[in-house]
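> I would like to see how this sequence folds:
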Amino acid sequence: MNWYLQNGKDSDVIISSRVRLSRNIEGLPYVQKCNEEQLKTVHNKLKDITPSIGYGLKFISLNDLDNTNKQALVEKHIISPEFSKTRNKYAAIIINDEENICIEVNEEDHIKLQVFSSGMELENLMNLAIEIDQKLEELVPYSFNKKYGYLTACPTNVGTGLKVSVLAHLTALSLTENIRKVLNAVNNLGMSIRGMYGEGSKPEGDLYQISNNQTLGVTEKEITKNVKLISQKVIEQERTARKYLAKKGIDLEDKIYRDFGVLSNARKLSEEEARELLSSVKLGTDLGIIKELDDTKISKLILQTKPANLQLRVGKELSIYEQYIERAKIVQDIINEK
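Okay, the predicted model is just below:
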């Protein structure tokens, strides 16, 4: 089972964790400054070394994926929305079947090495990322400066080139109207808290991405430790808000079961409506109010009600209205799975 359908540590609040390392190949301009021949050089060099990296990784040119499959990767948070729309014909991914390792080729940097896990799993992910990074560095020379560290296209990534992030479900903080205080506190502690797709995105379904800002002058271990500490504080705040809501008893149960009733009986569902209902129903499942679902079914519902993954599940392209109808059917199928 792929990582995004599994349960992890603290997965009642933390949906997933990601560690990302930005790297560039020595002697070549950054992607934005590369001419076509240089982009091709990066593409071919990484394609050639892929078998030597191991981990069951495969090299796939983005041009070989249709728009639905690219968008499905965006919905899984495996590639960025911007990368899925690139016109760079030498853009590619290096990915394994489990999809917990994905290297973006010729995105903002020549190499964006990413590893993923469900729940809160930062230390193990960091170890895996460093292990793969060391193998890559043996195969391709990196742009590195003794004073500044790894050199990257974006100045905010210079140094370690490391971004550590978690995706948090903060529905109780939203319901109790304490979310703004938490967002301000996290931002004041030198972290970023944004929508589910990171910079420039808005929160959807009460999902927020927490990540480090500083990459220069700190070690990988310090960054990982800081993100974990802040995330643990956010988990505590969310669980406190959930306890407060639980004291409302029948009022909370009524809201959650009404949302569950609409979700499980609707004959058509928009993506936005499904997302909002699922946020409420996930809270009800985590609090033990809804007995009909478990974390695995919730994960399936969240993923397979998104447009691209929905269309891949049914095996054909659908109009928006057809998606509304199929989304309702998929919800009922997953809820009734034995």
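> Could you give the number of residues near residue 145?
With neighbours defined by other Cβ atoms under 10 Å, the count for residue 145 comes to 10. Quick note: C-beta positions are derived from backbone N, CA and C, even for glycine.
> And for residue 253?
Residue 253: 15 surrounding residues under other Cβ under 10 Å.
> ok, it to residue 331 distance?
Residue 253 sits 21 Å away from residue 331, taking Cβ to Cβ, to the nearest Å as the criterion.
> try residue 5
Relative to residue 331, residue 5 is positioned 16 Å away (criterion: Cβ to Cβ).
> Tell me the secondary structure at residue 223.
Local secondary structure at residue 223 is given as helix here, using DSSP: H, G, I helix; E, B strand; the rest coil.
> Spatially, which residue comes closest to it, not counting chain neighbours?
In this structure, residue 223 finds its nearest non-sequential neighbour in residue 212, 5.0 Å apart by Cβ to Cβ, 6 or more residues apart in numbering.
> can you give me the helices for the protein?
For the chain, the helices defined by DSSP state H occupy 36-53, 67-75, 81-84, 122-139, 171-175, 179-188, 220-246, 250-265, 271-286, 295-304, 307-314, 320-335.
> So which bits of the fifth one are buried?
Same thing as helix 171-175. Residues 171, 172, 173, 174, 175 are the ones in helix 171-175 that count as buried (16 or more other Cβ atoms under 10 Å).
> Could you do the first one as well?
Neighbour-count burial for helix 36-53 flags 38, 39, 41, 42, 43, 46, 47, 49, 50, 53 (criterion: 16+ other Cβ under 10 Å).
> Can you name every helix or strand that that helix contacts?
Helix 36-53 makes packing contacts with strand 58-61, strand 92-95, strand 101-105, helix 122-139 when contacts are defined by 3 or more Cβ pairs under 8 Å, 6 or more residues apart in numbering; DSSP states H and E.
> measure stretch 193-209 end to end?
This stretch, stretch 193-209, spans 5 Å end to end (Cα to Cα, to the nearest Å).
> what's the weakest-modelled helix or strand in the protein?
With mean pLDDT, DSSP states H and E as the measure, the helix or strand of the chain carrying the lowest mean pLDDT is strand 191-194 (a mean of 87).
> Parallel or antiparallel, which strands does that strand pair with?
When pairing is defined by DSSP bridges, strand 191-194 lines up against strand 207-212 (antiparallel).
> Which one's more surrounded, residue 5 and residue 331?
A count of neighbours by other Cβ under 10 Å puts residue 331 above the other of residue 5 and residue 331, at 23 against 17.
> pLDDT score for the more buried one?
The predicted structure scores residue 331 at 97 on the pLDDT scale.
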